[in-house]
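Asks: Make a model of this:
(chains A and B)
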Number of protein chains: 2
Amino acid sequence: MPYALCSMLYAYSLLMEEKINLSHGSGFKATREIIENIIKKYLGNEVLSPLADSAVVSLSDKEIAFTTDSYTVNPLFFKGSDIGKLAVYGTVNDLSVSGARPLFLSLGIIVEDGFSMKDFEKIIRSVKEAKAQSGVEIVCGDFKVVEKGKADKIFINTAGIGLIQKKVGTNLIEPGDAVIVNGFLGDHEISILLSRREFDFEADIKSDCAPLNKAIGKLIKECKTLKFMRDLTRGGLGVALNEVVLDLNNYGFRIIQTSLPVREPVKSICDLLGYDPLFLANEGKFMLVVSDGEKDKAVDILKKEGFRYSAAIGSVVKDNPRKVIVKTSIGGERILDYPYAGQLPRIC
Amino acid sequence: MPYALCSMLYAYSLLMEEKINLSHGSGFKATREIIENIIKKYLGNEVLSPLADSAVVSLSDKEIAFTTDSYTVNPLFFKGSDIGKLAVYGTVNDLSVSGARPLFLSLGIIVEDGFSMKDFEKIIRSVKEAKAQSGVEIVCGDFKVVEKGKADKIFINTAGIGLIQKKVGTNLIEPGDAVIVNGFLGDHEISILLSRREFDFEADIKSDCAPLNKAIGKLIKECKTLKFMRDLTRGGLGVALNEVVLDLNNYGFRIIQTSLPVREPVKSICDLLGYDPLFLANEGKFMLVVSDGEKDKAVDILKKEGFRYSAAIGSVVKDNPRKVIVKTSIGGERILDYPYAGQLPRIC
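Replies: Numbers count the residues shown, from 1 in each chain, chains lettered A, B, ... in the order given. Below you'll find the predicted structure:
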């Protein structure tokens, strides 16, 4: 083959080589695709494959929940929280929504050469406060440093172990069940973007970063029909509903737009910039499914536990199987799509 | 204060601000210092503080081991292994040397925007092979993508859970006990440096990356006096001995230089460049302490399990408490120091 053609073909093959890009990490459909097409393809098993918030495994006669998350938030410190608290509460919440009582966390740290020792200490102090606040222990860890330009300041991975208190799962969900969220949606993502000055204006919005284990402990104790929970992090309620509905072969969700708790300034920012608050990331929010009969009780428990803006936002329906329908404020209905990637810059 | 003086002082304070640097991640004394001074200062508890390979925690009546490690190796593919296998075997080995049977692993991935999808698939395929090889399951995971220049291609964190089969610990170590290693030291670090073309010459050295759980399972079953094990990763045997000896208030280690299994080309490279093979990183090597009476049996078991160059390399001694003494090839003795940082570029 002539050399020129050969190198043209080589250049073309390079151009065509598939690359991982930010959309694969967005938490939206692109993330699901890479997980399905590569990770599950090779590593799938009955525990990993449901892609739940935690794995539930048996250890002799005990059922435990096991989960992991890497925290890559930028900036590291923002209104209402920081990467240290996020790394603890995020994993505590993943265990909690799986029906487990969080017990032990690991702490894996990757730091960029030249990172401020003072900021590092501030982050570790924050981890300490968060673990005390949520009643877990950090029992093992790892610490690595990479060259300048090889990490975004600091990455924290936590894995967590909890003891299953209550079996929850999409298999328990039935038509007529109520869907509840524990307060304002989108505060976390908007507060991060404000901290990064991505907008031309300011607003007083704090991250909602908080541990959920105490409130969920109460729900488990008092709501007999607690069927399912999921936290609303990357991709927000919109992605969570779209993921869960894939498991509900014969049912769908109908969400009432006017019931969604969204703070006024968040709503204004969304209206202004064309974002849907349903797809904004949260760090202290979860959705839960209970029977319609226990809907008010569950909302009351959440309110008593400090989540004052908890609300029933919709229900499980027989029509529209495997679809998420939103009843709009003007009375119409629309299918809530499952976007390929988020529209906003990466925040985690 | 005059403005000029004020800004000079500010500039000085910036200059003086302590920064984290690569030595803090070297696995040598600097790593111990930052862990002691910051991480343990805030997060210390009786499980975390011994800084063992895994945490041992009770879950109701069961004792489990829990560990985590972030893998940041560069290059990702090298003679004998790759980051995927490393991430599985590293955590399997941390559980194994803690006396546990490894069962479940988590898999947290951080990828840089633009990373080749083909290489990603190759890595995940390698994870699959390694998990099959070592008989563990990946049960939960997390996947993040960060911007170009914000990560060194790919970082993998694994955390692992195992069931304790045998209680081992430095508290069981007594004078007269034998110290054994399961084969050639330093192959991993030298093979990585060769892959990176850090030297002006080539040599056929493969990483020793391997799972240890099967061999350790046999040791646990057959050696009644198995007292302690530690894997010899970052900082190698030299750092492992120096760390362990800090726990032995009244005893020390005496290591016989001529007994140390080091492959000829590794020895030559070390002689040429002034490295001590004792401080080279390994990925499939561990040290163990057994009573002198079971020394030969333990070495035999390891050889039968494929670790043909296993050898007894020294013993626990009453003289020189809290010190590691090396009996040199010319008959003298030297104290093996605990360097502040490694002399070689970061490989993990």
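
Asks: Could you use CA atoms for every contact and neighbour count after this?
Replies: Fine.

Asks: Correct me if wrong: residue A:51 contacts residue B:139.
Replies: No. Counting by C-alpha atoms under 8 Å, residue A:51 stays clear of residue B:139, with 9.2 Å between them.

Asks: Show me what the host helix or strand of residue A:162 packs onto, helices and strands only.
Replies: According to DSSP states H and E, residue A:162 maps onto strand A:154-164. Packing partners of strand A:154-164 (3 or more C-alpha pairs under 8 Å, 6 or more residues apart in numbering or on different chains; DSSP states H and E): strand A:62-71, helix A:83-96, strand A:100-112.

Asks: Quick one, which of those gets closest to residue A:320.
Replies: Judged by C-alpha to C-alpha, the one of these that comes nearest to residue A:320 is helix A:83-96, at 28.7 Å.

Asks: so where do the strands sit in chain A?
Replies: A:55-59, A:62-71, A:77-78, A:81-82, A:100-112, A:137-146, A:154-164, A:178-181, A:228-231, A:252-256, A:286-290, A:311-317, A:324-327, A:333-335 (DSSP state E).

Asks: can I get the ones you listed in CSV with mean neighbour count and mean pLDDT?
Replies: Below are the strands of chain A laid out as CSV (neighbours: other C-alpha atoms under 10 Å in any protein chain shown; pLDDT from 0 to 100):
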stretch, mean neighbour count, mean pLDDT
strand A:55-59, 19, 73
strand A:62-71, 25, 91
strand A:77-78, 18, 94
strand A:81-82, 20, 95
strand A:100-112, 25, 94
strand A:137-146, 25, 91
strand A:154-164, 27, 95
strand A:178-181, 26, 98
strand A:228-231, 25, 95
strand A:252-256, 25, 98
strand A:286-290, 25, 98
strand A:311-317, 23, 98
strand A:324-327, 22, 97
strand A:333-335, 13, 96
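
Asks: Kindly present those as CSV, with separate columns for distance to residue B:162.
Replies: CSV is the format used below for these (distance: least, C-alpha to C-alpha, whole Å):
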stretch, distance to residue B:162
strand A:55-59, 9
strand A:62-71, 12
strand A:77-78, 35
strand A:81-82, 32
strand A:100-112, 14
strand A:137-146, 14
strand A:154-164, 12
strand A:178-181, 36
strand A:228-231, 27
strand A:252-256, 39
strand A:286-290, 30
strand A:311-317, 39
strand A:324-327, 40
strand A:333-335, 45
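
Asks: Quick one, which of the ones you listed gets closest to residue B:336.
Replies: Of all these, the one in closest proximity to residue B:336, counting by C-alpha to C-alpha, is strand A:137-146 (24.2 Å).

Asks: next one: stretch A:259-271 to chain centre, how far?
Replies: Per C-alpha atoms, centre = their mean, to the nearest Å, the displacement of stretch A:259-271 from the mean C-alpha position of its chain is 19 Å.

Asks: buried residues in it?
Replies: A:260-263, A:266-267, A:269-270 (16 or more other C-alpha atoms under 10 Å in any protein chain shown).

Asks: likewise stretch A:271-290?
Replies: Neighbour-count burial for stretch A:271-290 flags A:275, A:277-290 (criterion: 16+ other C-alpha under 10 Å).

Asks: Ignoring the adjacent residues along the chain, who's closest to residue A:177?
Replies: Sequence neighbours aside, residue A:291 is the residue nearest to residue A:177 in space, at 4.4 Å (criterion: C-alpha to C-alpha, 6 or more residues apart in numbering or on different chains).

Asks: Go ahead and confirm that neighbour touches residue A:180.
Replies: No. At 10.6 Å, residue A:291 does not count as touching residue A:180 under the criterion of C-alpha under 8 Å.

Asks: what residue ranges in chain A score low on pLDDT?
Replies: Scanning chain A for pLDDT under 70 picks out A:1-16, A:60.

Asks: any idea which residue sits dead centre in it?
Replies: Against the mean C-alpha coordinate of chain A, by C-alpha atoms, centre = their mean, the closest residue is residue A:233 at 2.2 Å.

Asks: Over to that one: give its phi and psi.
Replies: Backbone torsions for residue A:233, taken as degrees, to the nearest 10, come to phi -90, psi -130.

Asks: what about it, distance to residue A:221?
Replies: As judged by C-alpha to C-alpha, to the nearest Å, residue A:233 and residue A:221 stand 25 Å apart.

Asks: ok, residue A:162 touching residue A:105?
Replies: No. Between residue A:162 and residue A:105 there is no contact under C-alpha under 8 Å: 9.1 Å.

Asks: from the chain's centre, how far out does stretch A:149-164 sit?
Replies: 14 Å.

Asks: In CSV, list the C-alpha atoms belonging to that stretch.
Replies: C-alpha atoms of stretch A:149-164 as CSV (Å, rounded to 0.1, in the frame of the first residue of the first chain):
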residue,chain,number,x,y,z
GLY,A,149,-1.8,17.8,36.4
LYS,A,150,-2.6,14.2,37.0
ALA,A,151,-5.6,14.7,39.3
ASP,A,152,-8.1,17.5,40.0
LYS,A,153,-6.6,18.5,43.4
ILE,A,154,-8.1,15.6,45.4
PHE,A,155,-10.4,12.6,44.7
ILE,A,156,-11.9,10.7,47.6
ASN,A,157,-13.4,7.2,47.3
THR,A,158,-15.4,5.7,50.1
ALA,A,159,-16.8,2.2,50.2
GLY,A,160,-19.3,1.3,52.9
ILE,A,161,-20.8,-1.7,54.7
GLY,A,162,-24.1,-1.8,56.5
LEU,A,163,-26.4,-4.4,58.0
ILE,A,164,-29.7,-4.9,56.1
